[in-house]
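Novice: quick one, fold the following:
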Amino acid sequence: MAQPIFEYTLKVRDYECDTQGHVNNANYQHYFEVTRHEFLEKVGLNFHELHLQGIDAVVSRVEIRYKVPLIGMDLFRCTVTRLERIGVKYIFHQEIIREKDGVVCAKAKIEVVNLVNGKLSQPELFDQAFKDYI
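Specialist: Modelled structure (predicted):
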């Protein structure tokens, strides 16, 4: 398995679990999003500051493959394994890997587009920030 371009460690909180004791499926999107925001910080882009400048990175499509459930108190790494650009879309390939055994719990392909002052656009600052990863 190739080394991820970014990873962020998180811990499952009790209230994120459903009746079966598994992490509710909607929380995986939160984990993936937190990791993308942390990745943006790493490359010098602050999500909130971008918004104040009229630049909004918005999710346009999410595809998640759930493989093995996380349960309460699990430690896990959420990764960005690959980043690609197709037209105006940035496509983040991400994985969630349980710490205790290295099992991949979920894989995602998340498409993000940018709005500048409400209009679909391709801000150069994203291309510049991601140049080492695309």
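Novice: ok, residues contacting stretch 20-33?
Specialist: Residues from elsewhere that reach stretch 20-33 (Cβ atoms under 8 Å, 6 or more residues apart in numbering): 10, 12, 16-18, 59, 62, 64, 66, 69-72, 74, 76, 78, 92, 94, 96, 106, 108, 110. The way it works is simple: take the backbone N, C-alpha and C, and place the C-beta from them, glycine included.
Novice: which among these end up buried?
Specialist: In terms of neighbour count (16 or more other Cβ atoms under 10 Å), the buried residues within the contacts of stretch 20-33 are 10, 12, 16-17, 64, 69-70, 74, 76, 78, 92, 94, 96, 106, 108, 110.
Novice: just the ones of the contacts of stretch 20-33 in strands?
Specialist: Among the contacts of stretch 20-33, the members falling in strands are 10, 59, 62, 64, 66, 76, 78, 92, 94, 96, 106, 108, 110 (criterion: DSSP state E).
Novice: per-residue confidence at the third one?
Specialist: Predicted confidence (pLDDT) at Val62: the value is 98.
Novice: so for the longest helix seen in the chain, mean pLDDT?
Specialist: Identified as the longest helix of the chain according to DSSP state H is helix 25-42. Here helix 25-42 scores 97 as its mean pLDDT.
Novice: I'd like the next helix or strand past that helix.
Specialist: The helix or strand immediately downstream of helix 25-42 is helix 47-52, counting by DSSP states H and E.
Novice: quick one: contacts of that following helix?
Specialist: For helix 47-52, using Cβ under 8 Å, 6+ apart, the contacting residues are His37, Leu40, Asp56, Ala57.
Novice: let's see that with 10 Å instead.
Specialist: Here helix 47-52 makes contact (Cβ atoms under 10 Å, 6 or more residues apart in numbering) with 33, 36-38, 40-41, 46, 55-57, 114-116, 123, 125-126.
Novice: so where's this structure uncertain?
Specialist: 1 (pLDDT under 70).
Novice: quick check: buried residues in stretch 93-112?
Specialist: Those buried within stretch 93-112 under the rule 16+ other Cβ under 10 Å are 93-98, 105-108, 110-112.
Novice: which two from the contacts of helix 47-52 end up farthest apart in space?
Specialist: Using Cβ to Cβ, the pair of those lying farthest apart is Glu38 and Val116, separated by 22.9 Å.
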